[in-house]
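have a look at this fold, sequence not included:
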């Protein structure tokens with residue numbers, strides 16, 4: 001396809017690495033303009049070209065705005081590729097003052113159990129660290145809101161096992177409130193009642 005070849009040529013012509021270019025205000029505006037009239041294959045090419053470096057863009061002052069806009073136009077397969085590219089960095093991105101916003105925008109696009117699994121697997125063992133972090137807590141709250149309750153067992157267990165710590169933390173208590181509103185399974189409700197009785 002002519003448009004795909006032209007886009008690849010454009011990426012090669014950039015004065016620096018693509019991820020660095022997307023951390024520049026000029027680069028963000030230019031890329032947004034090009035992608036707004038491009039075919040979907042160009043979006044996939046960009047995701048693949050960025051690879052794991054997309055996490056750098058997500059944590060940048062300008063780059064995070066690009067990502068928030070970019071993910072709105074992605075299909076399920078492109079979201080899968082993007083999630084896999086950042087799976088080793090999701091906790092780090094969530095704790096970043098800019099990354100938290102781009103990551104939440106990406107989470108809004110999650111629609112399948114395979115997407116949910118990538119996200120949950122990438123944060124296992126870091127749930128409490130995220131819960132008490134002023135930025136990451138918002139990402140964890142978003143996960144609780146959008147992921148099927150049956151698929152967040154590791155988050156549930158982390159909350160149950162650290163309930164006192166979370167209740168005594170200003171970020172943790174906000175997570176607990178959100179968590180309680182999302183409990184629908186009878187067994188989880190009983191467990192939470194037992195912890196507070």
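Happy to help now that I have it. The model shown is predicted, which means the values in this text are computed figures rather than measured ones.

so what pLDDT did the most centrally placed residue in the chain get?
The centroid of the chain falls nearest to residue 103 when counting by Cα atoms, centre = their mean (3.0 Å). With respect to pLDDT, residue 103 has a value of 98.

contacts for the helix or strand harbouring it next, please.
Applying DSSP states H and E as the criterion places residue 103 in helix 99-107. Helix 99-107 is contacted by residues 55, 57-59, 63-64, 67-68, 71-72, 79, 82-83, 90, 92-94, 119, 135-136, 138-139, 142-143, 146 when judged by Cβ atoms under 8 Å, 6 or more residues apart in numbering. Any C-beta I mention is one placed from the backbone N, CA and C, and that applies to glycine too.

where does pLDDT dip in this protein?
Within the chain, the set of residues satisfying pLDDT under 70 comprises 1, 188-189, 192-193, 195-197.

switch the cut-off to 90
By pLDDT under 90, the low-scoring segments of the chain are 1-3, 37-40, 111, 147-157, 159-161, 163-164, 167, 176-197.

distance from the chain centre to the helix or strand where residue 179 lies, please.
Assigned by DSSP H and E, residue 179 belongs to helix 170-181. Mean C-alpha position of helix 170-181 versus that of the full chain (Cα atoms, centre = their mean, to the nearest Å) differs by 19 Å.

which neighbouring elements make contact with that helix?
In terms of contacts (3 or more Cβ pairs under 8 Å, 6 or more residues apart in numbering; DSSP states H and E), helix 170-181 is packed against helix 127-131, helix 136-146, helix 153-161, helix 163-167.

save these as JSON lines, and put in distance to residue 178 too.
Converted to JSON lines, the helices and strands packed on helix 170-181 look like this (distance: least, Cβ to Cβ, whole Å):
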{"stretch": "helix 127-131", "distance to residue 178": "10"}
{"stretch": "helix 136-146", "distance to residue 178": "5"}
{"stretch": "helix 153-161", "distance to residue 178": "10"}
{"stretch": "helix 163-167", "distance to residue 178": "11"}
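
ok, which of the ones you listed comes nearest residue 112?
Checking these against residue 112 by Cβ to Cβ gives helix 136-146 as the closest, at 11.5 Å.

contacts for the closest one, please.
Contacts for helix 136-146 (Cβ under 8 Å, 6+ apart): 90-91, 94-95, 100, 103-104, 107-108, 110, 119-120, 123, 127, 129-131, 152, 155, 171-172, 174-175, 178-179, 182.

show me how far that helix is from its chain's centre.
Chain-centre distance of helix 136-146: 10 Å, with Cα atoms, centre = their mean.

please apply the same query to stretch 114-125.
Remark: stretch 114-125 is offset 10 Å from the chain centroid, using Cα atoms, centre = their mean.

for residue 42, find the nearest of the helices and strands packed on helix 170-181.
Closest to residue 42 of those, according to Cβ to Cβ: helix 136-146, at 27.6 Å.

picking that back up, can you flag the buried ones in the contacts of helix 99-107?
Buried members of the contacts of helix 99-107, counted by 16 or more other Cβ atoms under 10 Å: 55, 57-59, 63-64, 67-68, 71, 79, 82-83, 90, 93-94, 119, 135-136, 138-139, 142-143, 146.
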